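Peer 1: Fold the following.
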Amino acid sequence: MTIINFYFVPYFLLALEWLLILFVFLIVAIIKTVKISKSDENLTKSKKIQYGLITVLFILTLYPHPVNKVLEKIDWYIFYSKRIEIVQMINNRQLNPNVNWSKDLCELPFEFPVISNGGNDIVINRIDSTDRITVTFWVFRNFFNSPSTKFVYSNDSYEIVRIQNKVKHDPSNNWEIEQNWYRTYGD
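Peer 2: The predicted structure follows:
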């Protein structure tokens, strides 16, 4: 389910899904706890496993970050070459912003797999006079004003300095992956 959420569920539905799952696990955990406390018999091994599994799922629903970090790293390595291909297409002006209501947003064609989560959109910032670009791929596109996680490619020295300042101030959420590639969190 986490993989499906990571790639296919629209970002604004994730909060509702999370609340529903959290509610279900909480109710099941309460019911199991009441049944165990009322039970006169000793806990069998299968009941202990069931109770432990529900508790672990409830905790992972509350704190999904370790699972998301692993998926993020896997996503980076699997789709690295596709992201490089997209950046080259942008440099060659084969891919440009293509959404009416935004001068920077580009919906990727269907020939690409889900490279940017939350709709397969990317943000292209281009400085025409210098051919410097910054391309943003969403790793996790949050809803409303909540911060999002992104992979950012930039050959724009001003943008690189801005991102490196972000890395300096919050290295646990922002870091350089390799030259010109960054993982950022927030705005």
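
Peer 1: quick one, strands of the chain?
Peer 2: Under the criterion DSSP state E, strands of the chain are mapped to 105-107, 121-127, 132-140, 149-154, 175-178, 181-185.

Peer 1: what's the closest of those strands to F25?
Peer 2: With CB to CB as the criterion, F25 lies closest to strand 132-140 of these, at 21.3 Å. C-betas here are computed from N, CA, C, even on glycine.

Peer 1: Could you quantify the relative orientation of that closest one and strand 181-185 as an angle?
Peer 2: In terms of direction (axes from the mean of the first three to the mean of the last three CA atoms, to 10 degrees), strand 132-140 departs from strand 181-185 by 50 degrees.

Peer 1: can you list the residues that contact strand 132-140?
Peer 2: 6, 11, 68, 72, 75, 83, 86-87, 90-91, 115-118, 121-127, 148-157, 159, 183 (CB atoms under 8 Å, 6 or more residues apart in numbering).

Peer 1: among the strands of the chain, which is nearest L20?
Peer 2: Closest approach to L20 among the strands of the chain (CB to CB): strand 132-140, 18.8 Å.

Peer 1: Just the CA coordinates for the closest one, please, in PDB.
Peer 2: Included here for strand 132-140 are C-alpha records, laid out as PDB according to Å, rounded to 0.1, in the frame of the first residue of the first chain:
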ATOM      1  CA  ARG A 132      20.800  27.800 -16.600                       C
ATOM      2  CA  ILE A 133      18.000  25.500 -15.500                       C
ATOM      3  CA  THR A 134      16.600  24.100 -12.300                       C
ATOM      4  CA  VAL A 135      14.300  21.100 -12.500                       C
ATOM      5  CA  THR A 136      12.200  19.900  -9.600                       C
ATOM      6  CA  PHE A 137      10.900  16.300  -9.300                       C
ATOM      7  CA  TRP A 138       8.500  15.700  -6.400                       C
ATOM      8  CA  VAL A 139       9.400  12.700  -4.200                       C
ATOM      9  CA  PHE A 140       6.500  13.300  -2.000                       C
END
